[in-house]
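S.K.: Sequence and predicted structure, then a few things I'm wondering about:
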Amino acid sequence: MYEPTSKEWTDVYLNEAISLLLIATCPLFLLFYWITYQDFGVSISSSAEALISDGILNFLARCPRPTIASTTTYAAWVLSQAALYHALPGPLHRGPRTPGGRQLLYRLNGFYAWILTIGITAVATFCRLIDPTYIARHWGDLLATANVYCVALIVIFYVKARLKPDNAGETLLTGHFWYDLFNGGELHPRTGVLFDWKHFNASRTGGLLLWTLMFFETLDGAHERFSFYSIYGFAAIMPQIWTLQTQYLVRYPVDLSNAMAIAVTTAFAAGWALNHDANRQKSKCRETAGNYLIWGKEAQFLEATYQTADGKKHRTVLLHSGWWGIVRHANYVGSLLYTWASCAACGAGHFFPYTEALLVTATVIHRCFRDEARCKEKYGDTWDEYCRIVKWRMIPGIF
């Protein structure tokens with residue numbers, strides 16, 4: 001299953017300690033940022049000074065709490081998106097082969113769900129049935145409610161993974177509580193045939209509807225278990241940290257010059273296009289076993305084999321032309337470009353709205369090494385040959 005295999009006690013307890021630390025600090029980090037936004041005019045230094053002078057308990061007394069209204073609103077959002085995910089039509093797509101050798105089916109109706117969600121919201125706003133400013137005015141209450149939802153989901157699926165997993169061969173349980181809670185559990189828990197909880201959580205609850213297809217080719221979609229890392233990351237961290245720019249501009253509007261506005265828009269569009277096109281090239285090349293044209297030329301690739309947990313061997317291709325002939329993680333370059341562009345729309349007045357860009361940069365660099373460790377374990381010498389052909393990870397000549 002391409003998981004780290006070291007059983008040295010130092011590695012085991014280090015993983016356990018890091019898992020506990022992240023589970024404890026991620027919610028505190030989000031609370032700190034909300035308090036900074038709400039009570040300290042987005043000044044992180046002022047907020048930190050208050051934390052030190054007041055003590056953590058008095059500081060956290062400023063935290064938002066779920067209300068009946070926020071709980072009702074959040075539940076309506078999740079349930080309505082679940083209904084759309086389940087009921088809307090869409091083409092069936094077979095996902096990449098799992099470590100257990102399965103290829104699961106997904107119904108791709110995210111675009112229809114997006115159109116319907118935006119359309120209903122626009123009509124309801126026009127008819128004055130909903131307040132379009134509700135999220136901005138009750139952001140803290142909704143974030144608190146999202147945290148409660150995440151805790152419930154984490155507990156439910158941790159218990160399910162231990163008692164009744166859908167596929168025991170793809171369920172990671174090491175016997176170490178904090179690591180299993182953070183990064184263990186089931187890979188693709190489902191209700192019925194097509195309702196995939198991880199895909200739903202990433203593309204509907206807190207992620208992006210337009211990730212419906214792109215998600216399959218990412219590290220999150222292919223390898224991460226449905227545990228704290230995946231649940232809290234998509235349903236709590238992304239709705240808060242990935243929207244800091246919007247929330248910042250609500251209170252601190254920025255008047256960009258025409259040149260800056262054009263540059264930001266162009267960089268964002270270019271980054272999104274690069275991310276999408278790079279993932280598309282890799283996906284299409286694998287679907288066609290390399291019989292695919294990229295930029296008017298036949299795709300260049302290495303043939304690789306790997307073995308899944310059921311003992312079967314499979315063939316795949318490692319693309320080294322197009323974007324993937326320039327760097328080994330072209331999709332991540334696109335992610336960084338559009339993330340930094342969206343933050344640049346907030347100007348240079350505060351560090352606060354650039355938090356997402358810094359977190360994404362650190363995460364992407366870390367993922368480069370994680371991806372490559374998995375690929376080395378999965379493909380062996382073929383991966384080494386691929387790295388000799390494509391020498392750079394993200395920036396030719398530098399990294």
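M.R.: Cool, got the structure. Residues are numbered from 1 along each chain as shown.
S.K.: contacting residues around stretch 356-368?
M.R.: 219, 241-242, 244-245, 328-329, 332, 335-336, 339-340, 342-343, 393-394 (Cβ atoms under 8 Å, 6 or more residues apart in numbering). Heads up, the C-betas are built off the backbone N, CA and C, glycines and all.
S.K.: what ranges do the strands span in this protein?
M.R.: Here the chain has its strands, by DSSP state E, at 92-94, 105-107, 190-191, 195-196, 293-294, 297-298, 301-307, 313-319.
S.K.: could those strands be laid out in JSON lines, adding mean neighbour count?
M.R.: What follows is those, written out as JSON lines (neighbours: other Cβ atoms under 10 Å):
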{"stretch": "strand 92-94", "mean neighbour count": "11"}
{"stretch": "strand 105-107", "mean neighbour count": "18"}
{"stretch": "strand 190-191", "mean neighbour count": "14"}
{"stretch": "strand 195-196", "mean neighbour count": "19"}
{"stretch": "strand 293-294", "mean neighbour count": "16"}
{"stretch": "strand 297-298", "mean neighbour count": "10"}
{"stretch": "strand 301-307", "mean neighbour count": "16"}
{"stretch": "strand 313-319", "mean neighbour count": "17"}
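S.K.: Select, out of the ones you listed, the one closest to residue 40.
M.R.: strand 195-196 (40.2 Å; Cβ to Cβ).
S.K.: Paired strands for that closest one, with orientation please.
M.R.: According to DSSP bridges, strand 195-196 has the following sheet partners: strand 190-191 (antiparallel).
S.K.: Pull the distance from the strand it pairs with to the chain's centre.
M.R.: 20 Å (Cα atoms, centre = their mean, to the nearest Å).
S.K.: Enumerate every residue touching residue 205.
M.R.: Residue 205 neighbours (Cβ under 8 Å, 6+ apart): 78, 81, 149, 234-235.
S.K.: neighbour-wise, which of the residues you listed leads?
M.R.: Highest neighbour count within these, by other Cβ atoms under 10 Å: residue 234, with 25 neighbours.
S.K.: State the pLDDT value of that one.
M.R.: Residue 234 carries a pLDDT score of 91 in this model.
S.K.: for residue 329, same thing?
M.R.: Among the per-residue scores, residue 329 shows a pLDDT of 96.
S.K.: Hmm, it is touching residue 371, no?
M.R.: Yes. Using Cβ atoms under 8 Å, residue 329 makes contact with residue 371 at a distance of 7.0 Å.
S.K.: Which one's more surrounded, the two?
M.R.: Ranked by neighbour count (other Cβ under 10 Å), residue 329 and residue 371 place residue 329 first, with 23 against 18.
S.K.: Give me the domain ranges for the chain.
M.R.: Domain assignment for the chain by automatic domain parsing gives 1-242, 256-399.
S.K.: before we move on, back to that, how about the strands of the chain in JSON lines, adding mean pLDDT?
M.R.: Shown next, in JSON lines, are the strands of the chain (pLDDT from 0 to 100):
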{"stretch": "strand 92-94", "mean pLDDT": "89"}
{"stretch": "strand 105-107", "mean pLDDT": "93"}
{"stretch": "strand 190-191", "mean pLDDT": "95"}
{"stretch": "strand 195-196", "mean pLDDT": "95"}
{"stretch": "strand 293-294", "mean pLDDT": "96"}
{"stretch": "strand 297-298", "mean pLDDT": "94"}
{"stretch": "strand 301-307", "mean pLDDT": "93"}
{"stretch": "strand 313-319", "mean pLDDT": "93"}
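S.K.: Out of these, which is closest to residue 131?
M.R.: strand 195-196 (31.0 Å).
S.K.: For the stretch 201-350 of the chain, which segments count as helices?
M.R.: 219-222, 228-232, 238-241, 244-251, 258-287, 330-344 (DSSP state H, counting those that start in this stretch).
S.K.: Tell me which of these sits most buried.
M.R.: helix 228-232 (a mean of 25; mean count of other Cβ atoms under 10 Å).
S.K.: Which neighbouring elements make contact with it?
M.R.: helix 9-39, helix 139-163, helix 177-183 (3 or more Cβ pairs under 8 Å, 6 or more residues apart in numbering; DSSP states H and E).
S.K.: Using CSV, lay out those helices together with distance to residue 110 and mean pLDDT.
M.R.: Output for these, formatted as CSV (distance: least, Cβ to Cβ, whole Å; pLDDT from 0 to 100):
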stretch, distance to residue 110, mean pLDDT
helix 9-39, 26, 92
helix 139-163, 20, 96
helix 177-183, 26, 94
